[in-house]
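Trainee: quick one, structure for this:
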Amino acid sequence: MRELCRSILLAAGTAITAATLAHAHGDVAPQPINTDALPDVGEDWLIENPYRDMGQDVWDKAIEIGASGFNQNCARCHGLGAISGGLAPDVRFLEAEEYGDEWFVERFRHGYTQNGITKMPAFGELLGQKAAWAIRTYIETRPDDVQVSERTDELKALRDQLSGWAQGDGIPDPDGMIEELNAIAGDIETLSGAPVADSVAYRAARQIDGTSASYKLAAETLTIGLSAAH
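Mentor: Purely as a prediction, here's the structure:
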């Protein structure tokens, strides 16, 4: 897996054209990210993602903050949801362990320049280490989009059922719905090897608390997530 990941990243990086990337970044400055809600990780840069093993609440918050940071600073080249369109390496394949972390943090801190042309700006000094690891957490938990697509019909049916419950139609069975969503979520893998994928099924299941408002929120999560996957 490590050598495959290395080959994919190097091949994708080689395929990047200087003119296209220069145009993509241009004079756009990195956008600061509010990381106050995340635990401090010290001043010295780490080589492994510290938020990976700090518990569920920290993990969830890192994904939330990392999603915002990625969409503001990385998506223009690495793609929405980190699904690369070929302009830059598909970072979802970076292994969720030390090797992948080292590669990520090196590029994040110092950027990447080839033949005097900046292909990736340096984010480290402005955004800082907490932002780096939040974005890393978001990236490594991206679900396999092919596997999500394969469950689209099931997820749409559950979405419609949730929408009906939110409007007072039918008899809600929140525990049964959570079980079904978690069963689907358990079959969706990450491409990084991380044990849990932050899929739309996973997120929707965690939003359901037996209230009409939660059914509406979970239905919206599924609608938006499935739309983004296509």
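Trainee: quick one: the strands in the chain, in order.
Mentor: With DSSP state E as the criterion, the chain has strands at 112-114, 117-120.
Trainee: mind putting these in CSV, mean neighbour count included?
Mentor: The C-beta positions use only the backbone N, C-alpha and C, and glycine is treated the same way. What follows is the strands of the chain, written out as CSV (neighbours: other C-beta atoms under 10 Å):
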stretch, mean neighbour count
strand 112-114, 14
strand 117-120, 18
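Trainee: can you tell me which of these is nearest to Asp169?
Mentor: strand 117-120 (49.7 Å; C-beta to C-beta).
Trainee: all helices of the chain, in order?
Mentor: With DSSP state H as the definition, the chain shows helices at residue ranges 2-15, 18-25, 56-73, 75-78, 98-110, 124-140, 145-150, 152-166, 174-187, 200-207, 212-229.
Trainee: could you pull up the mean pLDDT of stretch 29-44?
Mentor: In this model, stretch 29-44 has a mean pLDDT of 92.
Trainee: distance from the chain centre to it, please.
Mentor: Distance of stretch 29-44 from the chain centroid (C-alpha atoms, centre = their mean, to the nearest Å) equals 17 Å.
Trainee: kindly report the same for stretch 68-81.
Mentor: 9 Å.
Trainee: pull the CA atoms of that stretch into PDB?
Mentor: Output of stretch 68-81 as PDB, limited to C-alpha atoms (Å, rounded to 0.1, in the frame of the first residue of the first chain):
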ATOM      1  CA  SER A  68     -13.600  24.500   6.300                       C
ATOM      2  CA  GLY A  69      -9.900  24.900   6.000                       C
ATOM      3  CA  PHE A  70      -9.600  22.500   3.100                       C
ATOM      4  CA  ASN A  71     -12.500  24.200   1.200                       C
ATOM      5  CA  GLN A  72     -11.000  27.600   1.600                       C
ATOM      6  CA  ASN A  73      -7.400  26.800   0.800                       C
ATOM      7  CA  CYS A  74      -7.100  23.400  -0.900                       C
ATOM      8  CA  ALA A  75     -10.200  22.500  -2.900                       C
ATOM      9  CA  ARG A  76      -9.300  24.800  -5.900                       C
ATOM     10  CA  CYS A  77      -6.500  22.400  -6.800                       C
ATOM     11  CA  HIS A  78      -7.200  19.200  -4.900                       C
ATOM     12  CA  GLY A  79     -10.900  19.100  -5.600                       C
ATOM     13  CA  LEU A  80     -14.100  19.400  -3.600                       C
ATOM     14  CA  GLY A  81     -14.200  16.600  -1.000                       C
END
